[in-house]
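K.L.:
Would you be able to build a 3D model of this:
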Amino acid sequence: MTTVRRCAAALAASAVLCVALAPAAVAGGDVPAAPGSSPSADPTPAPAPSPAEPAPVKVPPGLYGEKDPTYDGVWRQSLAMLGQFAAGVRPANQAVSWLKGQQCANGAFPAYRPDPATACDTKTAVDSNATAAAIQALSTLGKQRPAIDKAIVWLRSVQNKDGGWSYAPGTPSDANSTSLVIGALTAAGVRPTSVLSPGGKNAYDALVGLSIPCAAASGADAGAFAYQPDPAGKLSANDDATAAAVLAGVGKRLVSGPVKAGPAPECVPAADLSPERAARNGAAYLASALAATGHLDLPPMPGADDSAPLPDIGNTAEAVLALTATGYGDQANRALEWLKQNSGAWAQENGPAAYAQLILAAHATDTDPRNFGGIDLVERLNATGPAPKAVAVPASPAAAASTSADDGGRAILWLFVMGLVVAGYIAFRISIRGKTPRP
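P.N.:
Predicted coordinates for the structure are as follows:
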């Protein structure tokens, strides 16, 4: 669910852009003299021209965030709206209209459509991730059934034969996309098992096929989910895929509340692996991966020193959500506390989707998102886009206890005052009766 993964499909295009924007070298290293001037008039070479500053990105009204939305506009908008819903906030009409305006006539959503007035065509890069996220966001608003139904029709049309989905239609299924679609179908009230591919498979069939067996030969990867098999068919653990698949395997969506914590998850071998068993095996992998440091790590870049890996804050938040929503909240407590202390700068840099990820983790763990390590995540998320229509702040457990105590104190005081009033009234009536002459 990380923003980085949402941009993965555009890496090749962005690399070309980076090369195209690099300043050209001056041939020979000399700056030619201006017409009519003498080269010896000023022996100091003129400074090389600085590259032109890139034009500032114009973010359309209604969209959350200030960065270029080309690769993640619909994704971050959907995540922002889901985060607001989890925090008791209703997005502004302008934000909802922007998201709905991104939908193509066939029901699909692209990563970003700069001119919604121009109809989508074969060159419009629609994808399952943006579409599934938009469905989940729209499902929180009510009265969005037409847009949701059109999006589901499109998702059905691009389902792979194995029952799963890929990021871009026509490519092999991956665990992340399949999990997102499961969450979208669930949010829309559609049973994922009822959506069958031409091969008679459903999303869970594809997801279970990407689960790494709980066998000694699997080593530290046991129970995890792979994003996709490698060219040789081998499955390798992927933290992002595992967190997404754990949530989807038990039929949950991105906005999920806490489930009563049970015993620590175990990786249990099974000849006939059910989706739920695969998900719980994935939870065992996540719990083990978090145990050492309280956070997940980013995979090392090729050629980089992997002796001191960098923390993966986004996937740590996803792991907290997945573990807590599947009944393993005790295994996520340390990671939750680590996030409270270490995620502020990361969220500020990455914007609305990052704030939303933390809010979703807070919601799952029944943690106050308005005081997350001293940061009001809701206020910061709201500040990245149009002002929400209404804010209903859910009380934290501590605030609720305080409110209950205050209410109790006020109730006792009220009873005491009423008692005094009643006693005074009775005394007054007795006094009157004593002064009234008897017949």
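
K.L.:
which residues in the stretch 1-150 of the chain form strands?
P.N.:
For the stretch 1-150 of the chain, strands defined by DSSP state E, counting those that start in this stretch occupy the ranges 89-90.

K.L.:
for it, which spans come out with low pLDDT?
P.N.:
Within the stretch 1-150 of the chain, the segments meeting pLDDT under 70 span 1-56.

K.L.:
how does it look with 50?
P.N.:
Within the stretch 1-150 of the chain, the segments meeting pLDDT under 50 span 4-5, 8-45.

K.L.:
Show me where it has its helices.
P.N.:
For the stretch 1-150 of the chain, the helices defined by DSSP state H, counting those that start in this stretch cover 3-6, 11-21, 73-86, 93-101, 128-138, 145-157.

K.L.:
cool, and the stretch 201-350 of the chain?
P.N.:
203-208, 239-249, 275-291, 313-325, 333-342, 344-350.

K.L.:
Switch those over to JSON lines; also include distance to Val195.
P.N.:
For every residue, glycine as well, the C-beta is placed using N, CA and C. Output for these, formatted as JSON lines (distance: least, C-beta to C-beta, whole Å):
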{"stretch": "helix 203-208", "distance to Val195": "7"}
{"stretch": "helix 239-249", "distance to Val195": "13"}
{"stretch": "helix 275-291", "distance to Val195": "14"}
{"stretch": "helix 313-325", "distance to Val195": "22"}
{"stretch": "helix 333-342", "distance to Val195": "33"}
{"stretch": "helix 344-350", "distance to Val195": "32"}
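
K.L.:
Give me the contacts around stretch 260-276.
P.N.:
204, 207-208, 211, 213-215, 222-223, 249-250, 277, 280-281, 283-285, 287, 323, 326-331 (C-beta atoms under 8 Å, 6 or more residues apart in numbering).

K.L.:
hang on, the earlier thing: would you mind giving the helices of the stretch 201-350 of the chain as TSV with distance to Ala175, mean neighbour count and mean pLDDT added?
P.N.:
Below are the helices of the stretch 201-350 of the chain laid out as TSV (distance: least, C-beta to C-beta, whole Å; neighbours: other C-beta atoms under 10 Å; pLDDT from 0 to 100):
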stretch	distance to Ala175	mean neighbour count	mean pLDDT
helix 203-208	6	24	98
helix 239-249	4	29	98
helix 275-291	10	23	97
helix 313-325	12	29	98
helix 333-342	21	18	98
helix 344-350	22	16	98
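
K.L.:
Specify the local secondary structure of Thr178.
P.N.:
Classification of Thr178 using DSSP: H, G, I helix; E, B strand; the rest coil returns helix.

K.L.:
Apart from its chain neighbours, what residue comes closest to it?
P.N.:
Gly164 (3.9 Å; C-beta to C-beta, 6 or more residues apart in numbering).

K.L.:
need the contact list for that neighbour.
P.N.:
Ser173, Asp174, Ser177, Thr178, Lys201, Ala203, Asp205, Ala206, Leu207.

K.L.:
Now do it against Ala151, distance only.
P.N.:
When distance is defined by C-beta to C-beta, to the nearest Å, Gly164 is 17 Å away from Ala151.

K.L.:
So for Pro91, which of the helices of the stretch 201-350 of the chain sits nearest?
P.N.:
Closest of those to Pro91 is helix 344-350, at 18.5 Å (criterion: C-beta to C-beta).

K.L.:
Just give me how far the next helix or strand after the closest one sits from the chain centre.
P.N.:
Once the chain leaves helix 344-350, the next helix or strand it forms, by DSSP states H and E, is helix 352-364. On the basis of C-alpha atoms, centre = their mean, to the nearest Å, helix 352-364 sits 6 Å off its chain's mean C-alpha point.

K.L.:
after helix 352-364 comes which helix or strand?
P.N.:
That would be, after helix 352-364 and using DSSP H and E, helix 377-382.

K.L.:
What mean pLDDT does that following helix get?
P.N.:
Computed over helix 377-382, the mean pLDDT rounds to 98.

K.L.:
residues of it that come out buried?
P.N.:
Neighbour counts over helix 377-382 (16 or more other C-beta atoms under 10 Å) mark Leu377, Val378, Arg380, Leu381, Asn382 as buried.

K.L.:
how close does the closest residue to the first one other than its chain neighbours sit to Ser343?
P.N.:
Excluding the flanking residues, the one nearest Leu377 by C-beta to C-beta, 6+ apart is Pro369, at 4.5 Å. Here the criterion is C-beta to C-beta. By it, Pro369 lies 12 Å from Ser343.

K.L.:
and for those two, which residues touch both?
P.N.:
In contact with both Pro369 and Ser343: Leu358, using C-beta under 8 Å, 6+ apart.

K.L.:
returning to that earlier point: of the helices of the stretch 1-150 of the chain, which is nearest Pro229?
P.N.:
helix 3-6 (17.7 Å).

K.L.:
follow-up on the earlier one: so which of the helices of the stretch 201-350 of the chain gets nearest Asp72?
P.N.:
helix 344-350 (10.0 Å).

K.L.:
Check the offset of the closest one from the chain's centre.
P.N.:
With C-alpha atoms, centre = their mean, you get 14 Å for helix 344-350.

K.L.:
What about Asn93, how many residues nearby?
P.N.:
Neighbour count of Asn93, defined by other C-beta atoms under 10 Å: 11.

K.L.:
can you pull the contacts of the closest residue to it other than its chain neighbours?
P.N.:
Closest residue to Asn93 apart from its sequence neighbours, by C-beta to C-beta, 6+ apart: Lys389 at 6.7 Å. Applying C-beta under 8 Å, 6+ apart to Lys389 gives the contacts Arg90, Pro91, Ala92, Asn93.
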